[in-house]
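> below: sequence and its predicted model.
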Amino acid sequence: MKILEMKFEKSKTGDMDEILSLINRTNHEWYSRIIPEEHWFEPFLTRKQLEEMVTFMEFFVHRNKGVIVAVGSFGTRSKEIAWIPLMYVRTDCQKKGIGSSLMVYLEKLAREQHFKKIQLETDSEAKWALDFYNKHGYSIIKKEKNPWGFHVWMEKQIL
C-alpha cells in the first residue's frame with residue numbers, strides 16, 4: 001500500500017465550524033444509508049459536543065486550497081492505548097490516499113508518545129470503514145449488538 005506524503009496540522013479554534021460541517025455532512029452521506037430511520041439522528045455531532053471533545057483530545061486536519069477536506073481526532077484510552085474517535089474525509093476527496101495518509105500520521109503520533117496500541121470504533125454495517133481499517137492492520141476486538149448490526153471496537157498493535 002503506497003501512502004502519499006500529505007500535510008496535516010493541528011486544528012485551530014477558528015476551524016470548529018468547518019470541522020463540524022465536514023463531520024456531519026460526511027456522516028450523513030455514509031451512515032444514513034445503514035442506520036434505520038428510527039435510530040437515525042441529526043446532527044451526528046453538535047457544536048457543544050465538539051467543544052467538549054477538544055478539551056480532552058486533539059484534532060488534525062488536511063486542507064486542499066485552504067478548505068478542510070479531512071479531519072481526525074486523537075485521544076487516549078489509557079497509558080498504553082491511543083484512541084482515534086473520529087476520522088472523516090470529505091466524500092468527493094475519498095479514494096485519493098488522504099485517509100490512509102491521515103491514519104499513518106495519527107499512528108506516528110501514537111508511536112512518538114509511546115503508546116503500544118491504537119483503538120477505534122465503527123459500525124459493522126460500515127463495510128467501507130471495516131475494509132479501510134483492516135487494510136491498515138486493525139482487527140475487531142469487541143462487538144456489541146445494536147438494532148441493525150453491531151457496534152465494533154478495533155485495535156492495532158503499534159509498538
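The structure has been received and is ready for your questions.

> low-confidence ranges, the protein, go.
The chain contains residues with pLDDT under 70 at 1-4.

> what about the helices in it?
Ranges of helices within the chain are 16-31, 47-53, 98-112, 127-135, based on DSSP state H.

> now the third one and helix 127-135, what's the angle there?
Spelled out, that is helix 98-112. Here helix 98-112 points in a direction 40 degrees away from that of helix 127-135 (axes from the mean of the first three to the mean of the last three C-alpha atoms, to 10 degrees).

> same for helix 98-112, what does it pack against?
If you count contacts as 3 or more C-beta pairs under 8 Å, 6 or more residues apart in numbering; DSSP states H and E, helix 98-112 packs onto strand 58-64, strand 67-76, strand 81-84, strand 87-89, strand 117-123, helix 127-135. C-beta here means a position set from N, CA and C on the backbone, and glycine is covered the same way.

> residue 60 touches residue 84, doesn't it?
No. Applying C-beta atoms under 8 Å as the test, residue 60 and residue 84 come out as separate, 10.3 Å apart.

> more crowded one of these two?
Set residue 60 next to residue 84 and count neighbours by other C-beta atoms under 10 Å: residue 84 wins out with 24 against 18.

> how about the residue nearest the centre of the chain, nearest residue that isn't a chain neighbour?
Nearest to the geometric centre of the chain sits residue 87, at 1.7 Å (C-alpha atoms, centre = their mean). Nearest non-adjacent residue to residue 87, counting by C-beta to C-beta, 6 or more residues apart in numbering: residue 72, 4.4 Å away.

> for residue 16, same thing?
residue 50 (6.1 Å).

> who does the residue nearest to residue 87 form a beta bridge with?
Taking DSSP bridges as the rule, residue 72 bridges to residue 60, residue 87.

> might you report the residue contacts of it?
Residue 72 is in contact with 8, 59-60, 84, 86-88, 102-103, 105-106, counting by C-beta atoms under 8 Å, 6 or more residues apart in numbering.

> and of the residues you listed, the nearest to residue 31?
residue 88 (10.7 Å; C-beta to C-beta).
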